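A structural model of the following input is requested.
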Amino acid sequence: MKKKEKIKKERPLYLKWIFALIPLALALILYFVMPYFPFAAEYIFAQGIYRIVSFPIEWIVSVFPFSLTELVVILAVPALITLLIIFIRRLIKSQNKGKTAEKAARFICWCLSIFLLVFMITDGVNFSRYSVGDLMELPSRKYTKEELYIVMSDIAAKASEIRETLPEGEDGCAVLTVSLNDILLLADDTFDEISDEYPFFQTAVWRVKPVMLSHLWSYTGYTGVYCPWLLESSVNVDTPVFDIPHTTTHELAHTMAFARENECNFISYLACINSNQPDFIYSGLVQAYIYTANALYAADYEMWADAFTKNCSEKFIRDLDKHNAYWASFKGEVMEKSEEFNDTFIKVNGDKNGVLSYDLMVELVLRYYDSLGYFD
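Got it, this is the predicted structure:
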């Protein structure tokens, strides 16, 4: 007797679409629910699932000396064009064009669903975790402009002091004491001092990547990027060199499951000033000075002028002028659109301040100084 051939039953179309949308549904649940459960976001995701998933991948990705993120961006356009051509050819040859189009639409939906779910797990949920100030148990209160004056003055004085020990280029501005490649490799070591006291400052990344098209990237205003799909940190290496160490530690903070930009700025500052490497110390102080000086300038110009005159050395001022001149040369429509996109992205992820959240870095610095007893 002939064996009857088993007829493979095809899943109903609606089930195929349900499976394609499951990752999107999970992503939306995380997006809307996790802000109400910061404890879960902190200990189940940021310090739990995220580390389990990210640490092995971060270590492996660090093996590559170039930015995989940049490579993906460069190849994205030709890859999409190629896929579009393949789809059009199949559609033309297909005897059931409706079914072919439906399969393509379902494939796109499935890809986007996975794309969003991975983002939520590796970055999106981290917007809902406890703030770094609360994790560090920093004092929290309203601070006066007089206290801001103390902080700006202290940062400026420390920056001016260490600036005297740094080598200079032909333009009279600071240059690195080690190679750029060493900076990218040393960045994770700057967290050694603070991770002993605060174990949530840990990452498996051991190499930050340089972006080859950094000069063109500067037109967007970006100094670095964390890619949550590759768990990779890449930095703009065309900027003034004394900006780069701070950028590397900022992007590493993202790999520690800190999503808010102001917090990553503060974490970067904290790592830099507690390191033993002068390039990182100076870079952290430069960035903290820029934020605190801008805040005091807006609050009280005369107090800002007094702090500036008394504490900023000529060499330090030269570096600040170079920093400002560099970014002024890239101002334009591209940078404006980029800032609008960044503002929208931050707000969509739950921070109503948008790009103004960067100014909250000043609040964290004030709280840190308060914890050290500067205002007693």
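
Quick check: closest non-adjacent residue to Trp59.
Nearest non-adjacent residue to Trp59, counting by CB to CB, 6 or more residues apart in numbering: Ala204, 4.5 Å away. In this view, the C-beta of every residue, glycine as well, is placed from N, C-alpha and C.

Ramachandran angles for Ser94?
phi -70, psi 140 (degrees, to the nearest 10).

Touching, it and Thr100? I think so.
Yes - contact criterion CB atoms under 8 Å: Ser94 and Thr100 qualify, at 4.1 Å.

which of these two has more neighbours?
Shown here are Ser94 and Thr100; by other CB atoms under 10 Å, Thr100 has more neighbours (16 against 13).

picking up where we left off before, check whether the residue nearest to Trp59 really touches Pro56, as I assumed.
Yes - counting by CB under 8 Å, Ala204 does reach Pro56; the two are 7.2 Å apart.

Tell me which of the two has more neighbours.
Higher neighbour count among Ala204 and Pro56: Ala204, with 18 against 12, using other CB under 10 Å.

how near is the closest residue to Ser275 other than its chain neighbours to Leu270?
Using CB to CB, 6+ apart and skipping the chain neighbours, the partner closest in space to Ser275 is Thr190 (3.9 Å). Going from Thr190 to Leu270 by CB to CB, to the nearest Å gives 9 Å.

How about Glu147?
According to CB to CB, Glu147 and Leu270 sit 19 Å apart.

When the two are compared, which one has more neighbours?
It is Leu270, of Glu147 and Leu270, that has more neighbours when counted by other CB under 10 Å, with 25 against 15.

Identify all contacting residues around the helix or strand harbouring Glu146.
Using DSSP states H and E, Glu146 sits in helix 145-163. Residues from elsewhere that reach helix 145-163 (CB atoms under 8 Å, 6 or more residues apart in numbering): 174, 278, 281-282, 285-286, 288-289, 292-293, 295-296, 299-300, 303-304, 306-308, 310-313, 315-316, 319, 362, 365-366, 369-370, 374-375.

ok, of those, which come out buried?
Buried by 16 or more other CB atoms under 10 Å: 174, 278, 281-282, 285-286, 288-289, 292-293, 295-296, 300, 303-304, 307-308, 311-312, 315-316, 319, 362, 365-366, 369-370, 375, out of those.

Work out for me the element Leu117 sits within.
Mapping Leu117 onto the secondary structure by DSSP H and E places it in helix 97-122.

which outside residues touch the helix or strand following that helix?
Using DSSP H and E, the helix or strand that follows helix 97-122 in sequence is helix 132-135. Applying CB under 8 Å, 6+ apart, the contact partners of helix 132-135 are Glu42, Ser140, Tyr198, Phe200, Phe258, Glu263, Phe266, Ile267, Glu363, Leu364, Arg367.

can you pull the contacts of the second one?
Under the criterion of CB under 8 Å, 6+ apart, the contact list for Ser140 reads Gly133, Asp134, Arg367.

Just the closest of those to Thr247, please.
Closest to Thr247 out of the contacts of Ser140 is Gly133 (21.8 Å), distances taken as CB to CB.

which helices and strands sit right next to the strand or helix carrying Asp196?
Secondary-structure assignment from DSSP H and E places Asp196 in helix 192-197. Applying 3 or more CB pairs under 8 Å, 6 or more residues apart in numbering; DSSP states H and E, we find helix 192-197 packed against helix 261-273.

ok, residues contacting the helix it packs on?
Residues from elsewhere that reach helix 261-273, judged by CB under 8 Å, 6+ apart: 131-133, 190-191, 193-194, 201, 245-247, 249-254, 256, 258, 280-281, 283-285, 287-288, 291, 346, 357-361, 364-365, 368.

For the stretch 201-350 of the chain, which segments are assigned as helices?
214-217, 244-254, 261-273, 278-299, 301-311, 314-328, 333-348 (DSSP state H, counting those that start in this stretch).
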